[in-house]
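Participant: quick one, what's the 3D model for this:
(chains A, B, C and D)
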2 protein chains.
Amino acid sequence: MRDPERTRERLLQAGFREVYRSGFQSASIDTILAATNVTKGALYYHFDSKEHLGHAIVEEIVAKLPQDNWLRPLERGKNPIDALIGIVQATSVRPEDVKGGCPLVNLAQEMSPLDEQFRKRLETIFHAWQEGLATALRRGQSQGTVRRDLVPEETAGFLMAMYEGYVLLAKNAQDAKVWNVGIRNIVGWLRSLRAPRQSRRGGRRRLMSKGRVVKQRQ
Amino acid sequence: MRDPERTRERLLQAGFREVYRSGFQSASIDTILAATNVTKGALYYHFDSKEHLGHAIVEEIVAKLPQDNWLRPLERGKNPIDALIGIVQATSVRPEDVKGGCPLVNLAQEMSPLDEQFRKRLETIFHAWQEGLATALRRGQSQGTVRRDLVPEETAGFLMAMYEGYVLLAKNAQDAKVWNVGIRNIVGWLRSLRAPRQSRRGGRRRLMSKGRVVKQRQ
DNA sequence: AATAACATACATACTGGTTGGTATGTTAAG
DNA sequence: CTTAACATACCAACCAGTATGTATGTTATT
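Facilitator: As a prediction, the model looks like this:
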């Protein structure tokens, strides 16, 4: 009948949902307890404080999101550009998700200036995300599917920035149409990262002009 | 000795600072009062509720930010691309600003899913920002300084998204270096919006390939 | 010009409700 | 029988908001 691991996990899940809805500071412990039918004694048996619960939510739930939605799909498979386009297009347009935005960004936005412990944990996630993207791009470069003139880390950061930026605009508009426009523009930009066909394997590529590259129309 | 307008303005300013620091929900009325040496009676004489104070902060302070930092510099002056590059490069890299992020985004991020009244006011600001950018780009198009194949509204949205996205990444990293990389990449992208030199005035431009355009290396 | 009547602009003290957190008691499992 | 895993009752702090009082400024009347 007793199942401490399951109790803990339910607290994390309900905590994540409540934090996603209200932000960490305004998240109510009592609301989490009501959602789980767990009592306060049980919660404080598993977590020392609200802050510790928050840290656990970040480490054990939020950290999985870019792993599951971005890095895992990127690992297996060939062309990273195609994979990235698929990932971006697969982003949920459900009203509740558009409205809620990205949990990782929400927490970073709220907590990074306020709590260094939160910030470091979130930074680790961002870093892993960026590194995973960069690694995939590098692989594409050696495969000859990704332009060799771009810097993988910076391109990864650029993609993350525009992705999160559009998520925010759509969140404020609360309109999936805004997000769809964002997807279109991100995908257009992603296509501009493809290596030109002439040089699938090795050799020097012909650039159109010094250091410049093709970009999809907006 | 009495100066109701000044009292109100001081409450707005202190309220803005407190909301910028802690978010709206966690902003404390008492903290605002302590910062202004205004009493609760005075505050609630000028504002019906914390929510109304928040609305006034958005309308009277936050709304000015894109106006002052983006639209005004864009109005007077010639080449909008040059102006935009200047604006982006002029963004503060002071640690406190990098740490705090963009007030408009902070509020949108926190309040848009929670309070429709907030959301609509913020949406108005975003819309004015986007429209101002689009208008400047259109002017550049008729001047011949901006590529004619791009859609001004979407390009404006793209710029806002990547700008805000980088602000967020820098905020989480709490590192001006991250923001400087962002500026570099945004500026590089902005340069790709310039019309090719061959066709400063009228006439058809030679595109490099169907609907594609030049983009700066990252 | 004097002053009564009124309105504006505050100040102070307080309230009910909610918060995260704790102290102590109970029960199930090994 | 021990202790891990809860449950219950409670607390002090803080919260936005209010009730009430007061000092200052304005306007109308004589």
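Participant: ok, then the element right after the longest helix along chain A?
Facilitator: Determined from DSSP state H, the single longest helix within chain A is helix A:116-143. Scanning forward in sequence from helix A:116-143 by DSSP states H and E, the next helix or strand is helix A:152-173.
Participant: that next one vs chain B: in contact?
Facilitator: Yes. Using CB under 8 Å from any CB of the partner chain, helix A:152-173 reaches chain B at A:154-155, A:157-158, A:160-166, A:168-169, A:171-173. Where C-beta positions appear, they are placed from N, C-alpha and C, glycine not excepted.
Participant: could you check how many residues crowd around residue A:21?
Facilitator: Counted by other CB atoms under 10 Å in any protein chain shown, the residues lying close to residue A:21 total 15.
Participant: center of chain A - which residue?
Facilitator: Nearest residue to the geometric centre of chain A (CA atoms, centre = their mean): residue A:66, 4.3 Å.
Participant: say whether DNA strand C is contacted by whichever strand or helix holds residue A:15.
Facilitator: Applying DSSP H and E as the criterion places residue A:15 in helix A:4-22. No. Judged by CB under 7 Å from any atom of the strand, helix A:4-22 stays clear of DNA strand C, getting no closer than 9.1 Å.
Participant: check contacts around the residue nearest to residue A:63 when sequence neighbours are not counted.
Facilitator: Distances taken as CB to CB, 6 or more residues apart in numbering or on different chains put residue A:125 closest to residue A:63, at 5.0 Å, once the chain neighbours are dropped. The contact partners of residue A:125, taken as CB atoms under 8 Å, 6 or more residues apart in numbering or on different chains, are A:58, A:62-63, A:66, A:104.
Participant: and residue A:125, how far from residue A:17?
Facilitator: 18 Å (CB to CB, to the nearest Å).
Participant: give me the number of residues near the nearest residue in space to residue A:134 that is not next to it in sequence?
Facilitator: Distance criterion CB to CB, 6+ apart; nearest residue to residue A:134, sequence neighbours excluded, is residue A:152 at 3.8 Å. Counted with other CB under 10 Å, residues neighbouring residue A:152 total 21.
Participant: so what's residue A:152 up against?
Facilitator: Residue A:152 neighbours (CB under 8 Å, 6+ apart): A:133-135, A:137-138, A:141.
Participant: verify the stated contact: residue A:107 with residue A:25.
Facilitator: No. Using CB atoms under 8 Å as the test, residue A:107 is too far from residue A:25 to be in contact (10.7 Å).
Participant: and for the residue of chain A found nearest DNA strand D, the neighbour number?
Facilitator: Per CB to the nearest atom of the strand, residue A:41 is where chain A lies closest to DNA strand D, at 1.9 Å. By other CB under 10 Å, 8 other residues sit near residue A:41.
Participant: re earlier: can you give me the separation between the residue nearest to residue A:134 and residue A:141?
Facilitator: Residue A:152 sits 7 Å away from residue A:141, going by CB to CB.
Participant: around DNA strand D, pick out the residues from chain A.
Facilitator: Contact residues, chain A versus DNA strand D (CB under 7 Å from any atom of the strand): A:2-4, A:7-8, A:38-42, A:45-46.
Participant: which of the residues you listed are buried?
Facilitator: A:7-8, A:38, A:42, A:46 (16 or more other CB atoms under 10 Å in any protein chain shown).
Participant: show the backbone phi and psi for residue A:92.
Facilitator: With angles defined as degrees, to the nearest 10, residue A:92 sits at phi -60, psi 140.
Participant: ok, and the closest non-adjacent residue to residue A:19?
Facilitator: residue A:27 (4.7 Å).
Participant: next one: the nearest residue to residue A:148 once chain neighbours are set aside from residue A:76, what distance?
Facilitator: Nearest residue to residue A:148 in three dimensions, chain neighbours excluded: residue A:141, at 5.2 Å (CB to CB, 6+ apart). Noted for residue A:141: a distance of 18 Å to residue A:76, by CB to CB.
Participant: likewise residue A:56?
Facilitator: 29 Å.
Participant: if you count what's nearby, which of these two comes out ahead?
Facilitator: A count of neighbours by other CB under 10 Å puts residue A:56 above the other of residue A:56 and residue A:76, at 18 against 7.
Participant: was I right about that one contacting residue A:16?
Facilitator: No. Using CB under 8 Å, residue A:56 makes no contact with residue A:16, being 9.7 Å away.
Participant: residue A:96 looks like it's in a strand, true?
Facilitator: No. Residue A:96 is assigned helix when assessed by DSSP: H, G, I helix; E, B strand; the rest coil, not a strand.
Participant: list the buried residues for stretch A:148-167?
Facilitator: Applying a neighbour-count criterion of 16+ other CB under 10 Å, one finds A:150, A:152-167 buried in stretch A:148-167.
Participant: so which bits of chain A are right by DNA strand C?
Facilitator: Listed as neighbours of DNA strand C in chain A under the rule CB under 7 Å from any atom of the strand: A:1-2, A:27-31, A:40-41, A:44, A:48-51.
Participant: show me those residues that map onto strands.
Facilitator: Among these, none falls in strands (DSSP state E).
Participant: quick one: least confident helix or strand in chain A?
Facilitator: strand A:212-215 (a mean of 38; mean pLDDT, DSSP states H and E).
Participant: let's see the pLDDT reported for residue A:6.
Facilitator: Note on residue A:6: pLDDT of 97.
Participant: please tell me how far it sits from residue A:60.
Facilitator: Counting by CB to CB - residue A:6 and residue A:60 are separated by 14 Å.
Participant: try residue A:96
Facilitator: To residue A:60, residue A:96 is 22 Å away according to CB to CB.
Participant: tell me which of those two has more neighbours.
Facilitator: Shown here are residue A:96 and residue A:60; by other CB under 10 Å, residue A:60 has more neighbours (14 against 10).
Participant: correct me, but that one touches residue A:13?
Facilitator: No. With contacts counted by CB under 8 Å, residue A:60 stays clear of residue A:13, the gap being 9.8 Å.
Participant: per-residue confidence for residue A:183?
Facilitator: For residue A:183, the predicted pLDDT is 98.
Participant: what of residue A:174?
Facilitator: We have a pLDDT of 96 for residue A:174.
Participant: would you enumerate the residues in contact with the nearest residue to it once chain neighbours are set aside?
Facilitator: The shortest distance from residue A:174 to any non-neighbouring residue, by CB to CB, 6+ apart, is to residue A:99 (5.3 Å). Contacts for residue A:99 (CB under 8 Å, 6+ apart) come out as A:171, A:174, B:112-113.
Participant: repeat that for residue A:174.
Facilitator: Contacts for residue A:174 (CB under 8 Å, 6+ apart) come out as A:95, A:98-99, B:112-113, B:119.
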